[in-house]
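Student: 3D model of this:
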Amino acid sequence: MIPNNVKTRFEKIEKDRIALMQELSKYSEKQLNTKPADGGWSPMQVLHHLIQAEQGSLLYIKKKLSFKPELKTAAIINDIRFMFFKTAFNLPFKIKAPAVVADNLPETADFKSTQETWNKTRQTFHSWLETVDDDLWNKLIFKHPIMGRISIFHTLGFFEEHTKRHTNQIRKAL
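Tutor: Down below sits the predicted model:
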């Protein structure tokens, strides 16, 4: 069974995703596929980056767990690292994305299929959450490039902060 804190965080990121997609549905395909003057990613490319980050995270976790590794238990230090990460991630500094989720972005994409892909990605993640063994909820499963090893709860927290940061980027580009 999904713990309440994880369930609540998942519901929050899902609510945020749905609100973002509703907001973006008001724009034309041309607007969503236009790169900003500074040469950054188009809003559609940002969406694909968010999707790839979530897909890649789940693939990593599944692969890691397939080896039946001995995992460390999360501790207060992990909460502190997450708070520092969250603070730093909300500063107005550019953070370079790992190549695996930055180099494979489409030049153009259509909104509807992008939305369907993100829907399926989230559904897949939620379905996986429903299968997690109780002894894994407090384990350091995912290796984040900045925070190091984090729990499922903090992985969802990363998705929340990541989407917030890029939502601002999307709005600026539009």
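
Student: going forward, measure contacts and count neighbours with C-alpha atoms only.
Tutor: Fine.

Student: so how far is stretch 41-51 from its chain's centroid?
Tutor: Centre-to-centre, stretch 41-51 and its host chain are 12 Å apart (Cα atoms, centre = their mean, to the nearest Å).

Student: Show me the contact partners of it.
Tutor: Stretch 41-51 has contacts (Cα atoms under 8 Å, 6 or more residues apart in numbering) with 32-36, 101-102, 105-111, 114, 117-118, 121, 162-163, 166, 169-171, 173-174.

Student: Narrow those residues to those in helices?
Tutor: Cross-referencing the contacts of stretch 41-51 against helices under DSSP state H gives 32, 111, 114, 117-118, 121, 162-163, 166, 169-171, 173.

Student: Next, count neighbours for I141.
Tutor: Using other Cα atoms under 10 Å, I141 is surrounded by 26 other residues.

Student: so N90 makes contact with R165?
Tutor: Yes. If you go by Cα atoms under 8 Å, N90 and R165 touch, sitting 6.8 Å apart.

Student: Pick out whichever of these two has more residues nearby.
Tutor: Taking other Cα under 10 Å, N90 and R165 do not tie; R165 has more neighbours (15 against 12).

Student: right, and the more buried one touches F89 too?
Tutor: Yes. Applying Cα under 8 Å, one finds R165 in contact with F89, separated by 7.4 Å.

Student: what about the strands in this structure?
Tutor: 142-144, 148-150 (DSSP state E).

Student: Select, out of the ones you listed, the one closest to K62.
Tutor: Comparing the strands of the chain against K62 with Cα to Cα, the closest turns out to be strand 142-144 (9.5 Å).

Student: got the strands of the chain as TSV, with mean pLDDT, distance to D134 and mean neighbour count columns?
Tutor: Formatted as TSV, the strands of the chain follow (pLDDT from 0 to 100; distance: least, Cα to Cα, whole Å; neighbours: other Cα atoms under 10 Å):
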stretch	mean pLDDT	distance to D134	mean neighbour count
strand 142-144	93	16	17
strand 148-150	93	16	19
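
Student: Can you add distance to H126 and give those back as a markdown table?
Tutor: Converted to a markdown table, the strands of the chain look like this (distance: least, Cα to Cα, whole Å):
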| stretch | distance to H126 |
| --- | --- |
| strand 142-144 | 16 |
| strand 148-150 | 18 |
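
Student: between the ones you listed, which gets nearest to S127?
Tutor: Within the strands of the chain, the stretch nearest S127 is strand 142-144; the backing value is 17.4 Å (Cα to Cα).

Student: partners of the closest one in the sheet?
Tutor: strand 148-150 (antiparallel) (DSSP bridges).
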